[in-house]
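Peer 1: Need coordinates for the below:
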Amino acid sequence: MCASRGVFESRADLLTGGFNYDHKYAFDTKANGTGVSGSVTQKGEAVSGDVKVNATIVDQIIDLELNQDAKAKVTASFPSVIPNGKLSVGGTVQDLESFKVSASLVAGALGLKADVANYAAPRADASVCYALGGGVAVGAMATVKSSAVAYAVAAQSKQGDVTYALTAADQFKTFKVSAVTALDNKQTIGAEVTYKKTATATIGYSKKMDGHSFKAVVSNPVAAEVNPTLCVNASLGSLIPKTTATLSAQVDKTVRTQTKRNSNARVSFRLVSTRRLLSNNRRAHPGRMIAASRQHQQCSKMVLALLRA
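Peer 2: Here you go, the predicted structure:
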């Protein structure tokens, strides 16, 4: 049986997830099976925004996204075309070369996913995941574009409360090994070592409180010189009803000599509001109600998250 989605994403959630240093306001609302969301983001001097609509039409899922440049991105998903899988087609209306066809399939402990994009200069992505049992799963992915091929492999194992992961990416030029464990139902701690020409060690800690959460991550090259990067993320979920405020900060400290120091800091504030106007009566799609377990359905996505982290 494939490990749960939380197992595969635990490393990414703890060590990299949630950190964003752009100022952002977002909203999300649902009514009668149709969802509408939007956001305004400030990145440096640039300001961007988008509005997204998600609707279900005759068991098919339609996603529409419109950005500040009036470019419309449309994605249509067909959950019942492939048994125990899904087929989707999408891209930017003003750029036909951006359209992509995606297909995914889950068969027992095996998960498959493939994408083909850009008919003018085709690019193909494929991934496979297999659950070995005993909390162990392995996966691989490859990208083919013109004559270039990129590939990566990963393995992950959950033994008791500890999740171990190993990734070899960039044609075996980048290696990551990590371990994450839950101290209790509210606290998680983990560590990772990444090697790409040089090695970097990262440790992280997160804690959930009533309506709030806190996370801190420290990274430092594996070397005699101390050059840490500290990232802190705090999410406040009960200050305003149905609104979450998130504060992220990053501090880089470089010790150049014993007396001269240089430091850089980044701080951002995000506000996300969720409003449910009417009851969401979206009914289940036949493609979602497959015989395979939820754990097996997420197998391909979980390994992709691990490989791309």
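Peer 1: need the helices for this structure, in chain order.
Peer 2: Using DSSP state H, the helices of the chain run over residues 5-15, 294-297, 299-308.
Peer 1: and those helices, which one is worst for confidence?
Peer 2: For the helices of the chain, the weakest mean pLDDT is recorded on helix 294-297, namely a mean of 42.
Peer 1: is the closest residue to residue 122 other than its chain neighbours in a bridge, and if so with what?
Peer 2: If the residues on either side of it in the chain are set aside, residue 122 comes closest to residue 116, at 6.3 Å by CB to CB, 6 or more residues apart in numbering. C-beta coordinates here come from the backbone N, C-alpha and C atoms, glycine included. When assigned by DSSP bridges, residue 116 has beta-bridge partners residue 101, residue 124.
Peer 1: Give the full set of residues in contact with residue 116.
Peer 2: By CB atoms under 8 Å, 6 or more residues apart in numbering, the contact list for residue 116 reads 100-101, 122-124.
Peer 1: Adding pLDDT, write the residues you listed out as CSV.
Peer 2: Shown next, in CSV, are these (pLDDT from 0 to 100):
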residue, pLDDT
100, 93
101, 94
122, 87
123, 90
124, 93
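Peer 1: Now which of the residues you listed would you call buried?
Peer 2: Buried subset of the contacts of residue 116 (neighbour count, 16 or more other CB atoms under 10 Å): residue 100.
Peer 1: now, the most widely separated pair of the contacts of residue 116?
Peer 2: 101 and 123 (11.5 Å; CB to CB).
Peer 1: so what's in contact with the two at the same time?
Peer 2: 116-117.
Peer 1: Where do the strands of the stretch 1-150 of the chain begin and end?
Peer 2: 23-31, 34-43, 46-57, 60-67, 72-78, 85-92, 95-107, 110-117, 123-133, 136-145, 148-159 (DSSP state E, counting those that start in this stretch).
Peer 1: With distance to residue 221 as extra columns, can I get those in TSV?
Peer 2: Output for those, formatted as TSV (distance: least, CB to CB, whole Å):
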stretch	distance to residue 221
strand 23-31	30
strand 34-43	27
strand 46-57	31
strand 60-67	38
strand 72-78	39
strand 85-92	40
strand 95-107	37
strand 110-117	34
strand 123-133	31
strand 136-145	28
strand 148-159	23
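Peer 1: Show me what the nearest residue to residue 176 once chain neighbours are set aside is bridged to.
Peer 2: In space, not counting the residues next to it along the chain, residue 176 is nearest to residue 167; the distance is 4.4 Å by CB to CB, 6+ apart. Beta bridges link residue 167 to residue 154, residue 176, judged by DSSP bridges.
Peer 1: Tabulate the contacts of residue 116 (TSV), appending distance to residue 85.
Peer 2: TSV is the format used below for the contacts of residue 116 (distance: CB to CB, whole Å):
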residue	distance to residue 85
100	16
101	13
122	22
123	21
124	17
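Peer 1: what's the closest of the contacts of residue 116 to residue 223?
Peer 2: Nearest member of these to residue 223, counting by CB to CB, is residue 123, at 37.2 Å.
Peer 1: Leaving out chain neighbours, which residue sits closest to that closest one?
Peer 2: residue 145 is the one closest to residue 123 (CB to CB, 6+ apart), at 4.3 Å.
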